[in-house]
Structure formats: C-alpha cells, structure tokens
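Asker: Kindly generate the corresponding structure for this input.
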Amino acid sequence: MLWSASTGPNKVKAGELESRLQKVEEDLSINRANRDQLNQAAERTANELEHIQQKGIRLAKSLHVLSDRANKLEAHLKYLQKEKKVKSVAMAHQKSQLAATLSALHRISLMPTTAMLAIPQSPNDTLRSAILLRATVPKLQGEAADLAEELDT
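Answerer: This is a model prediction of the structure:
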C-alpha cells in the first residue's frame with residue numbers, strides 16, 4: 001500500500017513533468033523555426049546590402065567619370081570662348097584694314113585717268129601707288145575669301 005500511495009503522486013508529477021517537457025519541446029521547435037526565419041531574413045538583408053553597396057560603388061565611379069568629362073568640356077568651352085575673342089579682335093582689325101583699302105581703291109576708281117595725272121605727287125609716286133594697288137588687290141581678294149571661309153566654319 002505504501003508503494004501504491006507513493007506511485008500515485010509520482011504518476012501525477014511525472015504526468016505534469018511530461019506535459020511541461022512537451023510544452024518546452026514545442027516552444028523549442030517554434031523558437032528554432034523563428035530562428036531559421038530570422039537567419040533567412042538576415043541573409044536576404046545581407047545580400048541586399050551587398051547589392052546596394054556594389055551599386056553605390058558603380059554609381060560613384062560613373063559620377064567620377066562624368067565629373068571629369070564635364071570638367072574637360074568646361075575647359076574646352078573656356079578655350080573656345082577665348083579663341084572666339086581673339087579671332088573677333090583679329091577680324092575687326094582686318095575689317096578696318098580692308099575697309100580703308102577698299103575705300104582708297106574706290107576713290108581711285110572714281111577718278112578719271114586724266115585726273116590721276118593731276119594728283120599733286122610725282123608721276124613716279126603715282127605709278128608706284130598704282131603698281132602697289134594692282135599687287136594688293138589679289139592679296140585682298142584672297143584674304144576676303146579666307147575670311148569668308150573662316151566665317152562659314
């Protein structure tokens with residue numbers, strides 16, 4: 001009887017312990033499943049982070065290349081602007097020279113040949129001026145053609 005009395009409460013305790021053990025095992029199983037899900041989520045997040053870092057590196061390299069290109073284009077633009085100013089000044093100077101020469105040629109062409117003889121300079125100077133003008137006209141025409149070509153480009 002002693003034995004049966006002692007086994008009765010032990011059976012209850014054993015049943016309680018077994019029930020608690022089963023509950024702990026269930027909790028452990030749930031925690032392992034949660035841990036596995038969290039590990040998978042952490043791995044996905046790590047992969048995403050690696051992808052984002054690689055993309056950031058590619059973007060930084062691209063930005064650097066584009067920045068260098070923009071700097072080179074700005075430098076070239078400044079060079080072209082300076083060249084434009086220099087050519088504009090040179091063209092203005094050539095224009096004034098051509099205008100002076102053309103007005104002199106125009107005045108001479110309006111003078112009759114007999115009036116040329118009456119110019120108050122020696123005949124040698126008049127002849128020299130005519131020879132110089134005859135030699136200058138083709139050169140001026142060439143310069144005008146060069147200037148027109150430069151303006152077209």
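Asker: where in this protein is pLDDT low?
Answerer: Residue ranges of the chain with pLDDT under 70: 1-10, 108-109, 111-120, 123.
Asker: and the helix of greatest length in the chain, what other elements does it pack with?
Answerer: Longest helix in the chain by number of residues (criterion: DSSP state H): helix 2-110. Where contact means 3 or more Cβ pairs under 8 Å, 6 or more residues apart in numbering; DSSP states H and E, helix 2-110 is packed against helix 123-152. Glycine gets a C-beta too; all of them are placed from N, C-alpha and C.
Asker: Taking their axis directions, the helix it packs on and helix 2-110 sit at what angle?
Answerer: Helix 123-152 runs at 160 degrees relative to helix 2-110, counting by axes from the mean of the first three to the mean of the last three Cα atoms, to 10 degrees.
Asker: Return the set of buried residues in helix 123-152.
Answerer: By neighbour count with 16 or more other Cβ atoms under 10 Å, helix 123-152 contains the buried residues residue 140.
Asker: packing partners for it?
Answerer: Right, helix 123-152 is packed against helix 2-110, helix 113-117 by 3+ Cβ pairs under 8 Å, 6+ apart.
Asker: want to throw those helices into TSV with mean neighbour count and distance to residue 140?
Answerer: Below are the helices and strands packed on helix 123-152 laid out as TSV (neighbours: other Cβ atoms under 10 Å; distance: least, Cβ to Cβ, whole Å):
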stretch	mean neighbour count	distance to residue 140
helix 2-110	10	6
helix 113-117	9	20
